[in-house]
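K.L.:
Here is a sequence together with a model predicted from it:
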Amino acid sequence: MVARERQVTHAFVALADTLVDDYDVADLLHTLVQQCVELLDVAAAGLTLGDQRGSLQVLASSTEQTRLLELFQLDTDEGPCVECFTTGTPVLVADIAAQAERWPRFADKAADHGFVSVHALPMRLRKQTIGALNLFGHKTGELSDDDLRLAQALADTATIGILQERAIRSRDTLAEQLQIALNSRVIIEQAKGVLAEHGRIDMNEAFVALRSYARSTNARLSDVARELVERALNAATVLAWTADKRS
């Protein structure tokens with residue numbers, strides 16, 4: 001129990017560390033999904049946010065498989081994360097196969113990726129829903145009440161960080177901030193591809209290397225990604241740096 005409490009404290013401290021002036025939205029969201037996987041009884045986590053047109057976009061995922069499944073939901077406009085965002089309420093699915101008639105294409109795709117349960121929680125402040133936090137499991141069953149409350153608390157903390165008071169008062173500010181996050185996500189995906197190709201590693205390992213280098217050098221994740229894509233930073237440097245840190 002003590003170890004669990006320490007992990008929870010660390011999770012909120014990690015989120016709070018990103019809530020500073022000019023914080024990196026991409027890093028905040030990746031911190032959130034990473035903490036969810038570490039703290040909760042789930043196999044993977046993904047996060048979607050609405051852009052200025054109200055369309056959902058994938059902003060963070062703990063694995064490449066999760067990202068692809070999230071993208072599939074958005075492309076087909078079908079699945080628990082879409083429903084969660086639309087209704088602003090949790091969508092808790094203990095057994096995806098049992099809900100195959102509800103989301104037939106999503107159920108098939110989830111099974112292909114080995115996921116059999118999903119819990120989607122709204123990223124909401126007051127009456128405003130800006131996205132959904134999606135928790136995937138390799139086993140059937142509902143999350144415990146404690147895990148659900150903790151997951152929602154983590155999502156709420158990130159939501160407050162994204163919105164902030166200035167964004168709450170100004171729709172333009174919120175739209176601009178979310179658009180920056182969306183642009184950052186594109187750059188990050190491109191940078192992952194650069195590292196994956198150079199190091200002959202998978203996309204998950206590439207992201208770990210990218211994020212580790214950014215944190216170790218006190219740089220913004222999106223800035224490091226942009227430097228890699230624009231060839232201002234050598235992929236070998238990033239991979240060698242992270243390899244040294246692990247040894």
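P.N.:
Alright, I've got the coordinates.

K.L.:
contacts and neighbour counts: CA atoms only from here.
P.N.:
Fine.

K.L.:
Tell me what the residue most central in space within the chain is bridged to.
P.N.:
For the chain, the residue sitting closest to the mean C-alpha position, by Cα atoms, centre = their mean, is A60 at 2.7 Å. Beta-bridge pairing of A60, defined through DSSP bridges, involves L47.

K.L.:
Tell me if I'm right that it and V25 touch.
P.N.:
No. Using Cα atoms under 8 Å, A60 is not in contact with V25; the gap is 10.2 Å.

K.L.:
List the contacts of A60.
P.N.:
A26, L29, H30, V33, G46, L47, T48, R67, R185 (Cα atoms under 8 Å, 6 or more residues apart in numbering).

K.L.:
Which one of these is nearest to A240?
P.N.:
H30 (22.5 Å; Cα to Cα).

K.L.:
Please name the spatially closest residue to that closest one (chain neighbours excluded).
P.N.:
Once flanking residues are discounted, H30 sits nearest to A60: 5.4 Å by Cα to Cα, 6 or more residues apart in numbering.

K.L.:
Please tell me how far the one you found sits from R211.
P.N.:
To R211, A60 is 13 Å away according to Cα to Cα, to the nearest Å.

K.L.:
Same check on S184?
P.N.:
Relative to R211, and taking Cα to Cα, S184 is found at 13 Å.

K.L.:
if we can go back for a sec, quick check: of the contacts of A60, which has the highest neighbour count?
P.N.:
The residue in the contacts of A60 with the most neighbours, by other Cα atoms under 10 Å, is G46 (31 neighbours).

K.L.:
Tell me if I'm right that that one and R67 touch.
P.N.:
Yes. Using Cα under 8 Å, G46 is in contact with R67, at 6.7 Å.

K.L.:
so what's in contact with those two at the same time?
P.N.:
With Cα under 8 Å, 6+ apart as the test, G46 and R67 both reach V58, A60, S61.

K.L.:
thinking again about what came up before, so what's the residue nearest to the centre of the chain scoring on pLDDT?
P.N.:
A60 is assigned 89 on the pLDDT scale.

K.L.:
now do I96
P.N.:
96.

K.L.:
number of nearby residues for it?
P.N.:
25.

K.L.:
ok, now G114?
P.N.:
15.

K.L.:
Can you name the element that comes right after the biggest helix by length in the chain?
P.N.:
Secondary structure of the chain read by DSSP state H shows that its longest helix is helix 171-199. As assigned by DSSP states H and E, the chain's next helix or strand after helix 171-199 is helix 203-216.
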